[in-house]
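Peer 1: here is the input, now give the coordinates:
(chains A and B)
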Number of protein chains: 2
Amino acid sequence: MPQVAVVTFDGFNEIDSFVAAAIVNRCRKQGLTAYITTPTPTVTSMNGVEITGQRSLEFVPEADVVLIGSGIKTRDVVADDALIDALPLDPSRQLIGAQCSGALVLARLGLLDDMPACTDVTSRPWVEAAGVEVLDAPFHARGTIATAGGCLAAQYLGAWTISRTLGEASARAAIDYVAPVGEQRATVERVFAALRAGEREPVS
Amino acid sequence: MPQVAVVTFDGFNEIDSFVAAAIVNRCRKQGLTAYITTPTPTVTSMNGVEITGQRSLEFVPEADVVLIGSGIKTRDVVADDALIDALPLDPSRQLIGAQCSGALVLARLGLLDDMPACTDVTSRPWVEAAGVEVLDAPFHARGTIATAGGCLAAQYLGAWTISRTLGEASARAAIDYVAPVGEQRATVERVFAALRAGEREPVS
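Peer 2: As a prediction, the model looks like this:
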């Protein structure tokens, strides 16, 4: 049963962590479960909401999928060697995704050395300063690594996670459920168009 | 400075509360602030995430805007007279919104006696059983009361809240920020088309 760590740091962006986690958790009955995974027992969001983590970082190496959330303190995260050492991501056996400034963490771990990435407009200069090409796109994936930019692109990371673990039909059903009423079909089509576009290699 | 209570009960849906709150909080520098407002010091989401409320229900009568979140225990909420008594909503001086099963709370308070509502497909039979006409639409507003259906329709409640307090330009900027990168313009247009459609009276 695949397990998903949604890594959530202090100062986190609520949309980024919770949209991805909640979409994945639409599939709990099918055995796919996402856990808010935090470096300390509690973390506080960029808007002051304190949450208790469901898993500690010790869960990260056990997880089948690791999604790195975003927030206002990600530059502190990548400057913290102990924190980075606690994130031993392995793209040969894990699916790895990053949302917005989460791309900085993947860059720090050397996971974006050979591929471009998506991030938000605020994080973009920092990701570029880390030597990573940033795309004008909401989602990009190559192999087992995906990045998304713009808070609501978290739905693309969620759909990608489900597609790659349970299959596209499950992902479509999850997006259909969370879509605005009356916009289900258009939302599903839009999400999967973004995933397909993001899985094509960009023209440089 | 307008303040927004995002009322969040035990068993809450994370997307519903946090998407609306985070979009509103894009406008904190303009003086509009949303607070996760809970009946107990902590509440636990439908997927097991414990959060600490930022405000208690005593904040509700002070708030300029009250958005009722959704969750898996809303039928228990409306059966709890003490909890309902702690929600003295006043549409003559407050903007009032409900997300998904939150419509049940507005119905219980008699706020939907004269207007149809939006809700999610799971809550629909319960809202109808409360005597409220349910629309096949993601968003409906009349005067100071709005309802939204489908988790991601929380962006419509967020945009409506900002539009009605700070104005449409601020709401457009907030949606632009949270939209997927490269899809900002299309997202803003889609959100405001949904708001305009939802502010027209439905043809019965």
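
Peer 1: use CA for all of it now, contacts and neighbours both
Peer 2: Noted.

Peer 1: my read: A:P88 touches A:V60, true?
Peer 2: Yes: assessed by Cα atoms under 8 Å, A:P88 is found in contact with A:V60 at 7.5 Å.

Peer 1: more neighbours: these two, which one.
Peer 2: Higher neighbour count among A:P88 and A:V60: A:V60, with 25 against 12, using other Cα atoms under 10 Å in any protein chain shown.

Peer 1: buried ones in stretch A:74-84?
Peer 2: A:74, A:77-78, A:84 (16 or more other Cα atoms under 10 Å in any protein chain shown).

Peer 1: any chance of CSV for the residues you listed, columns pLDDT and secondary structure?
Peer 2: As requested, the buried residues of stretch A:74-84 are exported to CSV (pLDDT from 0 to 100; DSSP: H, G, I helix; E, B strand; the rest coil):
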residue, pLDDT, secondary structure
A:T74, 96, helix
A:V77, 96, helix
A:V78, 96, helix
A:I84, 97, helix
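
Peer 1: which one of those is nearest to chain B?
Peer 2: Ranked by distance to chain B (Cα to the nearest Cα), the buried residues of stretch A:74-84 are led by A:T74 at 17.7 Å.

Peer 1: any idea how many residues pack against the residue lying closest to that closest one once chain neighbours are set aside?
Peer 2: Nearest non-adjacent residue to A:T74, counting by Cα to Cα, 6 or more residues apart in numbering or on different chains: A:S101, 6.4 Å away. Neighbour count for A:S101, taken as other Cα under 10 Å: 30.

Peer 1: quick check: A:S101 vs A:S17, distance?
Peer 2: Distance, A:S101 to A:S17, by Cα to Cα, to the nearest Å: 12 Å.

Peer 1: name the residues contacting each of those two.
Peer 2: Taking Cα atoms under 8 Å, 6 or more residues apart in numbering or on different chains as the contact rule, A:S101 and A:S17 both touch A:69-70.

Peer 1: how about the residues of chain A near chain B?
Peer 2: Within chain A, the positions near chain B by Cα under 8 Å from any Cα of the partner chain are A:13-15, A:18-19, A:22, A:25, A:36, A:47-54, A:119-121, A:136-138, A:148-153, A:177-183.

Peer 1: just the buried members of those residues?
Peer 2: Looks like the residues of chain A next to chain B have A:13-15, A:18-19, A:22, A:25, A:36, A:47-54, A:119-121, A:137-138, A:148-153, A:177-183 buried, using 16+ other Cα under 10 Å.

Peer 1: inside strands: which ones of these?
Peer 2: In this view, these that belong to strands under DSSP state E are A:36, A:50-52, A:148.

Peer 1: which residues touch A:D10?
Peer 2: A:D10 is in contact with A:43-46, A:71, A:73, counting by Cα under 8 Å, 6+ apart.

Peer 1: which residues of chain A fall in strands?
Peer 2: Going by DSSP E, chain A shows strands at A:3-7, A:33-38, A:42-44, A:50-52, A:55-56, A:65-68, A:95-99, A:139-142, A:145-148.

Peer 1: quick check, pLDDT for the residue of chain A most remote from its centre.
Peer 2: Distance from the C-alpha centroid of chain A, by Cα atoms, centre = their mean, peaks at A:G182 (26.9 Å). Note for A:G182: predicted pLDDT of 97.

Peer 1: measure it to A:L195 for me?
Peer 2: The gap separating A:G182 from A:L195 is 22 Å, by Cα to Cα.

Peer 1: do A:A5 as well
Peer 2: For A:A5, the distance to A:L195 equals 21 Å [Cα to Cα].

Peer 1: repeat for A:F18
Peer 2: Per Cα to Cα, A:F18 is found 19 Å from A:L195.

Peer 1: kindly report the same for A:G167.
Peer 2: Distance, A:G167 to A:L195, by Cα to Cα: 13 Å.

Peer 1: comparing the two, which shows the higher neighbour count?
Peer 2: Between A:G167 and A:L195, A:L195 has the larger neighbour count (other Cα under 10 Å), namely 21 against 13.

Peer 1: quick one: residues contacting that one.
Peer 2: By Cα under 8 Å, 6+ apart, the contact set of A:L195 is A:139-140, A:156, A:160.

Peer 1: thanks a lot, catch you later.
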